[in-house]
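Engineer: Prediction below, plus the sequence it came from.
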Amino acid sequence: MPELLEIEMYRRGAASLVGRTIVDIEAPDDWYLKNTNAHAVTSTLVGATIDSLGRIGKLMLMETTAATVGLRFGMTGIPLIDDEPVIEELEYSSKRLDPNWNRFVARFDDGGTLAMNDPRRLGGVELDPDLSKLGPDAWTIDQGHLLWLFGRYKVPTKVLLLNQKRIAGLGNLLVDELLWRTGIAPTRATSDADLDEVLRLSAALAPMLDELYARGGSNCGDHFSERGAHGRCPADGSEMVHATVGGRSTWWCPTHQL
DNA sequence: CCGGATGTTCACCT
DNA sequence: GAGGTGAACATCCG
């Protein structure tokens, strides 16, 4: 589930962490730690206080007095604060919250905890992540940068929008929804896009994110329910097309997405 | 049992 | 480096 909208919900839901001091780290799963190990994480973070919580794309940034902790949630990760999930339900993940899936836990001076609960283990924790690997955040990317990206790279439009190095935060569902809203086929080469299309895309992006955030997340798009056999375009009734684009399952309307 | 899943990375091509 | 493809990671769900 987590695309940038969900990570933003996580970030806001984790506000109560600010001001707490870490007294212990449990990192039972070495594989979950990226570019570090349990010893280094523990020695760095124990004694550190949480200053603030940030986000770039799908990466949550927990600023502490000792280091920036990068939290990635993969497909099924969710933070538990004091054993409570920060949002009620995680679509496409398990309905349970098995404590065995707590891949990383920070204990605080007030007795509370932050746990990364992640059944599939596709997320991870990193100290001082390299932010140069991420493009500008999709929510605030400006029109000029988007135009530059379309001129610079020649790939299927969906591939560009999914590439976190080019633009950070959009996932499979949000990209399909954005392309559906703007009438652009996901397979269409970025080099074939005309100015008007890129401007349309740019104009639709932030309002779409605002709207879907208010509705409840990435799975609240207008055509989400039509992802499936015999799904029909809510705009014109055409049968939705399904194919793999950029390695991802993709649905679009063959009539109005060109 | 099998296929697929809202993510990322790496390996291996051209 | 670009650009394309496919696999791998681990687990749950229908």
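Structural biologist: Received the coordinates, thanks.
Engineer: And residue A:79, which helix or strand is it part of?
Structural biologist: strand A:78-81 (DSSP states H and E).
Engineer: who does the helix or strand following that strand pair up with?
Structural biologist: For strand A:78-81, the succeeding helix or strand toward the C-terminus, using DSSP H and E, is strand A:84-85. Partner strands for strand A:84-85, per DSSP bridges, with pairing direction: strand A:78-81 (antiparallel).
Engineer: Give me the nearest residue to residue A:244, chain neighbours excluded.
Structural biologist: Excluding the flanking residues, the one nearest residue A:244 by CB to CB, 6 or more residues apart in numbering is residue A:250, at 6.6 Å. All C-beta spots, glycine's among them, are computed from the backbone N, C-alpha and C.
Engineer: How is chain A divided into domains?
Structural biologist: A:4-132, A:135-252 (automatic domain parsing).
Engineer: residues near the closest residue to residue A:64 other than its chain neighbours, how many?
Structural biologist: Using CB to CB, 6+ apart and skipping the chain neighbours, the partner closest in space to residue A:64 is residue A:48 (4.0 Å). Residues within reach of residue A:48, counting by other CB atoms under 10 Å, total 19.
Engineer: What residues does residue A:48 make contact with?
Structural biologist: A:21, A:22, A:64, A:65, A:66, A:67 (CB atoms under 8 Å, 6 or more residues apart in numbering).
Engineer: Not counting sequence-adjacent ones, nearest residue to the residue in chain A positioned nearest to DNA strand B?
Structural biologist: Closest to DNA strand B within chain A is residue A:171: 2.0 Å, counting by CB to the nearest atom of the strand. Spatial nearest neighbour of residue A:171, chain neighbours left out: residue A:3 (3.4 Å); criterion: CB to CB, 6+ apart.
Engineer: looking at it, that neighbour is touching residue A:178, isn't it?
Structural biologist: No: Residue A:3 is beyond contact range of residue A:178, at 11.2 Å (criterion: CB atoms under 8 Å).
Engineer: any shared contact partners between the two?
Structural biologist: Joint contacts of residue A:3 and residue A:178 (CB under 8 Å, 6+ apart) are residue A:170.
Engineer: that older thread, do you know which of the domains of chain A lies nearest residue A:258?
Structural biologist: domain A:135-252 (5.7 Å; CB to CB).
Engineer: All good on my end, thank you.
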